[in-house]
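Asker: predicted coordinates and the sequence they were generated for:
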Amino acid sequence: MIDADVSAVLDQLVPILRQAQHVVVLTGAGISAESGLPTFRDPLTGLWAQYRPEELGTPQAFRTNPQLVTEWFAWRRELVQAAAPNAGHLALVALEQHVPHLTLVTQNVDGLHQRAGSTGVLELHGNLARFKCFEDNQPVTEWSTNADGLACCPRCGGLVRPDVVWFGENLPKHELSTALAATVQSDLFFSIGTSGNVEPAASLPGYALDRGATVVVNNLDVLTSATPPLYRLHGQAGSILPELVRRAWPDA
Ligand code: OAD
């Protein structure tokens, strides 16, 4: 269901989208919310209700209590495996097929964009399905378990951890520099389902605006408004994105 004010802004965006040459889409946890994956601002539930993500996703937490951190990521991995891409992910696949050049940058570690069919996704925060050695950061695909039942690196015996970016860690260099380069070259930039609280992703929409791009922000925090070159859309990405693509390419 599309609100009348959202509908009016979508109509303004259609010609901009149809003329865009390089579209950059930055996504966050909100795009996967309709697949049933909690965002970082939903309180943790069940066993995990007493923790905050900022306490569990850190090297210090892993050093202090690797069992606990490993279990938390295993729980998140199970949620992701049980989830499926939603209409928002699929709309971005369609968008990639319509515009001359699209760069999809995600802060999500769930791999749902790739499962939907998006290509060349830049994962700024890694991927839950990959593992690496806690000691040397090299990828690990097979492991043995130690006396505590924890996975150990076959090369050095270090503990195996998820290949995701934890609080206080650097982002992968290639992904970040490619995302930055695409952002400053874009003429249309979408920020979808991200609260913009975590750097450096939070700065990308501002860089795009500074370089003269149109910026579209869609989440449940903003109020819908059109103040070109900045457009804000309040509502679910799984409704708004497919509607925008449908209006821009009605015959597709
Ligand atoms: P947040 O949980 O901070 O924000 C989720 C955003 O999605 C909010 O702005 C919501 O309003 C919006 N939202 C929720 N449901 C939506 C829907 N159906 N359609 C559109 N928007 C919706 O998630 P992120 O901004 O992704 O980092 O968080 C950024 C980073 O903070 C994460 O990658 C993670 C976290 O700490 C690391 O783990 C390093």
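Answerer: Arrived safely, thanks for sending. Residues are numbered from 1 along each chain as shown.
Asker: going forward, measure contacts between C-alpha atoms and count neighbours the same way
Answerer: Noted.
Asker: can you list the residues of this protein near the ligand?
Answerer: Contacts of the chain with the ligand, taken as Cα under 6 Å from any ligand atom, map to 28-31, 33-34, 39-41, 107-108, 125, 165-167, 193-196, 198, 218-221, 235-237.
Asker: give me the subset of those lying in helices.
Answerer: 30-31, 33, 237 (DSSP state H).
Asker: of those residues, buried ones?
Answerer: 30-31, 33, 237 (16 or more other Cα atoms under 10 Å).
Asker: rewinding a little: put the buried members of the residues of the chain next to the ligand into a ChimeraX selection.
Answerer: Buried members of these, defined by 16+ other Cα under 10 Å, are picked up in ChimeraX with:
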select :28,29,30,31,33,34,39,107,108,125,165,166,193,194,195,218,219,220,235,236,237
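Asker: rewinding a little: of all the buried ones among the ones in helices among the residues of the chain next to the ligand, which two lie farthest apart?
Answerer: Greatest spatial distance in those: A33 and A237, 9.2 Å, computed using Cα to Cα.
Asker: okay, buried residues for stretch 116-123 please.
Answerer: Neighbour-count burial for stretch 116-123 flags 116-118, 121-123 (criterion: 16+ other Cα under 10 Å).
Asker: out of those, which is nearest to the ligand?
Answerer: Among these, E123 lies closest to the ligand (Cα to the nearest ligand atom), at 9.7 Å.
Asker: what sits against the closest one?
Answerer: Going by Cα atoms under 8 Å, 6 or more residues apart in numbering, E123 touches 105-109, 175.
Asker: one step back: adding pLDDT and distance to C133, write the buried ones among the ones in helices among the residues of the chain next to the ligand out as JSON lines.
Answerer: Formatted as JSON lines, these follow (pLDDT from 0 to 100; distance: Cα to Cα, whole Å):
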{"residue": "G30", "pLDDT": "97", "distance to C133": "29"}
{"residue": "I31", "pLDDT": "98", "distance to C133": "30"}
{"residue": "A33", "pLDDT": "97", "distance to C133": "30"}
{"residue": "A237", "pLDDT": "98", "distance to C133": "35"}
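Asker: so what pairs up with T227 in the strands?
Answerer: Beta-bridge partners for T227, by DSSP bridges, are L230.
Asker: how near is it to V9?
Answerer: According to Cα to Cα, to the nearest Å, T227 and V9 sit 10 Å apart.
Asker: of those two, who's got more company?
Answerer: V9 (18 against 8; other Cα atoms under 10 Å).
Asker: which residue ranges of this protein form strands?
Answerer: Assigned by DSSP state E, the chain shows strands spanning 22-27, 101-106, 122-123, 126-133, 144-145, 151-152, 160-164, 188-192, 214-219, 225-227, 230-234.
Asker: where among these is the average confidence lowest?
Answerer: Ranked by mean pLDDT, the strands of the chain end with strand 144-145 at the bottom, a mean of 94.
Asker: report all helices and strands that it contacts.
Answerer: strand 151-152 (3 or more Cα pairs under 8 Å, 6 or more residues apart in numbering; DSSP states H and E).
Asker: just to revisit the earlier point, in a markdown table: the ones in helices among the residues of the chain next to the ligand, plus distance to S203.
Answerer: Compiled in a markdown table, these are given as follows (distance: Cα to Cα, whole Å):
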| residue | distance to S203 |
| --- | --- |
| G30 | 18 |
| I31 | 19 |
| A33 | 22 |
| A237 | 21 |
